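Participant: just coords:
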């Protein structure tokens, strides 16, 4: 055997911490050739939809002044923001004050999922180790992921600005609103860079960042609700990265300096991510997984119990988060009613169309929690897809576990978790409301109203299962009905959507109890449809080939 020694001039130079960043960034762009335009154009189209819909519905200042009464209320602040400039309302100010929040949320989700996908998920799959076997610096992968996130955020900022300018809105406010969305993406990209160092699993890392996003939404909501009521807790909005972007007040205040907080936070969190990445081994987290027992527990013997074991931590985390959120939102039920005794017709329509604003508010909260729990359900199906892509499903199916048992067990555990999470959220909201109003009956009414949305969530869960069982690559499509349901469920009266368009959403058929009666027939039909789609999902999954590495 002979060996050949390369001349010194042909040997690769020693790798610095950022060596190979450009190459990795090109690889990530190639891998995200579909996700990149899907995220950026999707957020831009959402902006365009809001702009077009509002412009066609509210054609006079008087109409805007009437509907802005809702946005100036505590409920409007909860779902929109502080609403600067409503004393001299314009279409662009109403758009910024009530709908920009959802552009910010979309950008934040885009950023946290991107960083997790290209860092922790790559390590967990084993691909990062192969990449690092080349001349690649230790910090190159994280740097490339953050650069990709920054590029996505900048693209969103540019597209949102372009859409607003094309609609004829003021250039300064349009640029500020676009920059505010981009700044949120940078912040949550930085937060995700910390989360991926802490946990060894992508699901836990994205869950931690998502929990921070949820906390930011709750803090901002409580602070803005307090602000419109001249309460002392308005400072809570300044603890939220979402609040920093909204405090810029596009088209009204047009102040850029709050974005300095976003940039400082993004820089600090990214720096912390780099520092923490140097304190761990590849594929390891700073919080090491606990060593398992030498033998499996007696109850861990089939596909459903394995699915429960995999989802247990997520169910516990979501339960705690929904309980805390429910307590926070329920505490504002009575103050909201006290401040809206002379509510306009548009606000009453949003709150269920009845005279009892507390009951209407609780009904809207039930619908909101149903949307939130749907996110949990869809993420659970995506985690099943991730298990297959990582190659962990195939060894399980090589045992006595059938394909139907594997997918059915995962869907069953998620389906059982749905009413549990709605129950927890309803108990939190109802308990806080009962304490604030002195009406103990609201505890059980609120809880029932929350749990009643279970069949609607089940239907989207079953649709996700069917997409996974048939065409797993198209699974992200299932997020579109949820997004439509949010728009139709929360903003139909404001956007003047026709009843037929609203009822396309499965969430429109249950009824927002206690503000509205529960439609028993509709819930039964939704349950049957969910069961039928689930059966079809199991049948199609049993017939297709497994895919790995996707």
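Facilitator: Cool, the structure landed. This one's a predicted model, so the numbers in the text were calculated from it and none came from an experiment.
Participant: what residue ranges in the stretch 151-300 of the chain score low on pLDDT?
Facilitator: Across the stretch 151-300 of the chain, the ranges flagged by pLDDT under 70 are 292, 296.
Participant: and the residue nearest the centre of this structure?
Facilitator: residue 109 (5.7 Å; C-alpha atoms, centre = their mean).
Participant: what's the weakest-modelled helix or strand in this protein?
Facilitator: Within the chain, no helix or strand scores below helix 345-350, which has a mean of 56 by mean pLDDT, DSSP states H and E.
Participant: now find how far off-centre the helix or strand just after it is within its chain.
Facilitator: As assigned by DSSP states H and E, the chain's next helix or strand after helix 345-350 is helix 357-389. Computed by C-alpha atoms, centre = their mean, to the nearest Å, the chain-centroid distance of helix 357-389 equals 9 Å.
Participant: what's the single longest helix in the protein?
Facilitator: The single longest helix within the chain, with elements called by DSSP state H, is helix 403-437.
Participant: please identify the buried residues of it?
Facilitator: If you call a residue buried by 16 or more other C-beta atoms under 10 Å, then helix 403-437 has these buried ones: 403, 405-415, 417-436. C-beta coordinates here come from the backbone N, C-alpha and C atoms, glycine included.
Participant: swap in stretch 319-335?
Facilitator: Result for stretch 319-335 [16+ other C-beta under 10 Å]: buried residues 319, 321-334.
Participant: distance from that stretch to the middle of the chain?
Facilitator: Relative to the centre of its chain, stretch 319-335 is centred 18 Å away, using C-alpha atoms, centre = their mean.
Participant: contacts for it?
Facilitator: Residues outside stretch 319-335 that contact it (C-beta atoms under 8 Å, 6 or more residues apart in numbering) are 74, 78, 211, 214, 218, 221-222, 225, 229, 358, 361-362, 365, 369, 372-373, 420-421, 424-433, 435-437, 442, 446.
Participant: pLDDT weak spots in the stretch 1-150 of the chain?
Facilitator: 1-15, 57, 69-71, 75.
Participant: and residue 139, its phi and psi?
Facilitator: The phi/psi pair for residue 139 (degrees, to the nearest 10) reads phi -100, psi 0.
Participant: the residue nearest to the centre of the chain: which element?
Facilitator: For residue 109, the element it lies in under DSSP H and E is helix 91-118.
Participant: got the angle for that helix vs helix 357-389?
Facilitator: Interaxial angle of helix 91-118 relative to helix 357-389 (axes from the mean of the first three to the mean of the last three C-alpha atoms, to 10 degrees): 30 degrees.
Participant: other SSEs contacting helix 91-118?
Facilitator: Where contact means 3 or more C-beta pairs under 8 Å, 6 or more residues apart in numbering; DSSP states H and E, helix 91-118 is packed against helix 35-57, helix 61-71, helix 74-79, helix 140-166, helix 171-198, helix 202-228, helix 241-246, helix 479-495.
Participant: go again using 7 Å as the cut-off
Facilitator: In terms of contacts (3 or more C-beta pairs under 7 Å, 6 or more residues apart in numbering; DSSP states H and E), helix 91-118 is packed against helix 35-57, helix 61-71, helix 140-166, helix 171-198, helix 202-228, helix 241-246.
Participant: just send these back as TSV, with mean neighbour count and distance to residue 481 too.
Facilitator: Formatted as TSV, these follow (neighbours: other C-beta atoms under 10 Å; distance: least, C-beta to C-beta, whole Å):
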stretch	mean neighbour count	distance to residue 481
helix 35-57	18	14
helix 61-71	19	25
helix 140-166	22	23
helix 171-198	26	24
helix 202-228	22	20
helix 241-246	27	25
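Participant: can you tell me which of these is nearest to residue 298?
Facilitator: Smallest distance to residue 298 across the helices and strands packed on helix 91-118 (C-beta to C-beta): 25.9 Å, for helix 202-228.
Participant: from the buried residues of stretch 319-335, which land in strands?
Facilitator: Using DSSP state E, no member of those falls in strands.
Participant: with those residues in mind, which one is nearest to residue 398?
Facilitator: Relative to residue 398, the closest of the buried residues of stretch 319-335 is residue 319; by C-beta to C-beta it sits at 33.6 Å.
Participant: what count of nearby residues applies to residue 538?
Facilitator: 20 (other C-beta atoms under 10 Å).
Participant: host element of it?
Facilitator: With DSSP H and E as the criterion, residue 538 is inside helix 520-541.
Participant: again, but for residue 513
Facilitator: Here residue 513 is covered by no helix or strand, with elements defined by DSSP H and E.
Participant: ok, back up a step: distance to residue 96 added to the helices and strands packed on helix 91-118, as a markdown table?
Facilitator: Formatted as a markdown table, the helices and strands packed on helix 91-118 follow (distance: least, C-beta to C-beta, whole Å):
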| stretch | distance to residue 96 |
| --- | --- |
| helix 35-57 | 10 |
| helix 61-71 | 10 |
| helix 140-166 | 9 |
| helix 171-198 | 6 |
| helix 202-228 | 14 |
| helix 241-246 | 9 |
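Participant: just checking, residue 142 touches residue 190?
Facilitator: No: using C-beta atoms under 7 Å, residue 142 is not in contact with residue 190, being 10.8 Å away.
Participant: name the residues contacting each of the two.
Facilitator: Common contacts of residue 142 and residue 190 (C-beta atoms under 7 Å, 6 or more residues apart in numbering): residue 273.
Participant: got the domain ranges for the chain?
Facilitator: Taking automatic domain parsing as the reference, the chain has its domains at 18-53+99-288, 299-545.
Participant: what's near enough to touch the closest residue to residue 161 other than its chain neighbours?
Facilitator: Once flanking residues are discounted, residue 161 sits nearest to residue 178: 3.4 Å by C-beta to C-beta, 6 or more residues apart in numbering. Residue 178 makes contacts with 157, 158, 160, 161, as judged by C-beta under 7 Å, 6+ apart.
Participant: and the two most separated of these?
Facilitator: Top of the distance list for those (C-beta to C-beta): 158 and 160, 7.5 Å.
Participant: quick one: end-to-end length of stretch 515-524, please.
Facilitator: For stretch 515-524, the separation between the terminal residues is 20 Å (C-alpha to C-alpha, to the nearest Å).
Participant: then stretch 22-42?
Facilitator: Criterion C-alpha to C-alpha; first-to-last residue distance in stretch 22-42 is 27 Å.
Participant: who touches it?
Facilitator: Against stretch 22-42 from outside (C-beta under 7 Å, 6+ apart): 110, 118, 140, 141, 144, 145, 147, 148, 152, 155, 156, 159.
Participant: how much space separates the last one from residue 171?
Facilitator: So that's residue 159. Computed as C-beta to C-beta, to the nearest Å, the residue 159 to residue 171 distance reads 15 Å.
Participant: same thing with the first one?
Facilitator: Distance, residue 110 to residue 171, by C-beta to C-beta: 25 Å.
Participant: in this structure residue 359 contacts residue 513, no?
Facilitator: No: applying C-beta under 7 Å, one finds residue 359 not in contact with residue 513, separated by 8.5 Å.
Participant: wait, residue 381 touches residue 463, no?
Facilitator: No: look at residue 381 against residue 463 with C-beta under 7 Å: they stay out of range, at 9.3 Å.
Participant: more neighbours: the two, which one.
Facilitator: Neighbour tally, residue 381 and residue 463, criterion other C-beta under 10 Å: the higher count belongs to residue 381, 27 against 23.
Participant: residues contacting the residue nearest to that one when sequence neighbours are not counted?
Facilitator: Once flanking residues are discounted, residue 381 sits nearest to residue 464: 4.1 Å by C-beta to C-beta, 6+ apart. Residues near residue 464 by C-beta under 7 Å, 6+ apart: 378, 381, 475, 478.
Participant: now for those residues, which pair is the farthest apart?
Facilitator: Farthest pair in those (C-beta to C-beta) is 378 and 475. Separation: 8.6 Å.
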